[in-house]
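**Q** For reference, the sequence and a predicted model appear below.
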Amino acid sequence: MTYLTVIYTVIAVFLLTFSASTSAKKRCKPLLEKLHHIQTMQRKGYSLKRGQTLRVKEDKARDKWWQCEHSSLASFKMKYGKKNKKSKKQSKKKKLAKNSTYYTKMNIKNAYLVNKVARFNQGSAIVIKAKYQGDKKWAWLAFYQQPIKCQRPKNLNIFAYCSEDKQQQQGVFEQKYNR
């Protein structure tokens, strides 16, 4: 009799433990998916500022997921609260915003001001000039001897050496050409 009671108790404890961990996994799956989504965004190219914000988001998402996995439902809800459901009015506004065009979302005056800001002067031609023109250019090309390691610099030190070498040769060239 006591032997069967012990076996039933062990089985009951095992089933309760198994069902609690399974429900925790189901409950925490959205948090894990959010963490994976943030990590996917981190694998793509981004700026320094965006990288910092992604790192903060990842840390928060990981902490929230970890707390969910290792705590009971009651303690998790007490710490993080329930997820607020959005009202129907907000969801209708989002649907309208998705279906409307750019100019109906904002008035034309604001759209003009946004589009008026130019990043650079697009109306004029971009002119790139070499340091030397005409005969002086041909004289420079005949004078300049580029070191072999400067054809494909392997690191920043070699690149800096090549830049300084070219400037020194330009100084010598200017002195000889002006005489």
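**A** Received the coordinates, thanks. Residues are numbered from 1 along each chain as shown.
**Q** what's the neighbour count on the closest residue in space to residue 46 that isn't next to it in sequence?
**A** Spatial nearest neighbour of residue 46, excluding adjacent residues (CB to CB, 6 or more residues apart in numbering): residue 54 at 6.8 Å. To be clear about C-beta, it is placed using only N, CA and C from the backbone, and glycine gets the same treatment. Close neighbours of residue 54, defined as other CB atoms under 10 Å, add up to 16.
**Q** secondary structure class for residue 54?
**A** Put simply, residue 54 is helix when judged by DSSP: H, G, I helix; E, B strand; the rest coil.
**Q** Isn't it up against residue 44?
**A** No: contact between residue 54 and residue 44 fails when scored by CB atoms under 8 Å: they sit 9.6 Å apart.
**Q** quick one: residue 68 and residue 57, what's the gap?
**A** 16 Å (CB to CB, to the nearest Å).
**Q** Compare neighbour counts for the two and give me the winner.
**A** Legend: neighbour count by other CB under 10 Å for residue 68 and residue 57, higher for residue 68 (21 against 17).
**Q** helix or strand for the more buried one, which one?
**A** Following DSSP states H and E, one finds residue 68 within helix 48-69.
**Q** pLDDT on that helix, on average?
**A** Across helix 48-69, the average pLDDT comes to 89.
**Q** Ok, stretch 126-135 next?
**A** Mean predicted confidence for stretch 126-135 is 81.
**Q** same question, stretch 163-179
**A** Stretch 163-179 comes out at a mean pLDDT of 91.
**Q** Tell me the buried residues in the helix holding residue 68?
**A** Buried residues in helix 48-69, counting neighbours by 16 or more other CB atoms under 10 Å, are found at 54, 57, 58, 61, 62, 64, 65, 68.
**Q** Just give me the neighbour total for residue 31.
**A** Neighbourhood size, residue 31 [other CB under 10 Å]: 20.
**Q** Likewise for residue 3?
**A** Neighbours of residue 3 using other CB under 10 Å come to 7.
**Q** Quickly find the element holding it.
**A** helix 2-42.
**Q** Show me what that helix packs onto, helices and strands only.
**A** In terms of contacts (3 or more CB pairs under 8 Å, 6 or more residues apart in numbering; DSSP states H and E), helix 2-42 is packed against helix 48-69, helix 73-80.
**Q** Save those as TSV, and put in distance to residue 2 too.
**A** TSV is the format used below for these (distance: least, CB to CB, whole Å):
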stretch	distance to residue 2
helix 48-69	37
helix 73-80	34
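**Q** Among the ones you listed, which comes closest to residue 148?
**A** For residue 148, the closest of these is helix 48-69, at 36.2 Å, according to CB to CB.
**Q** out of the buried residues of helix 48-69, who's nearest residue 4?
**A** Closest approach to residue 4 among those (CB to CB): residue 68, at 37.3 Å.
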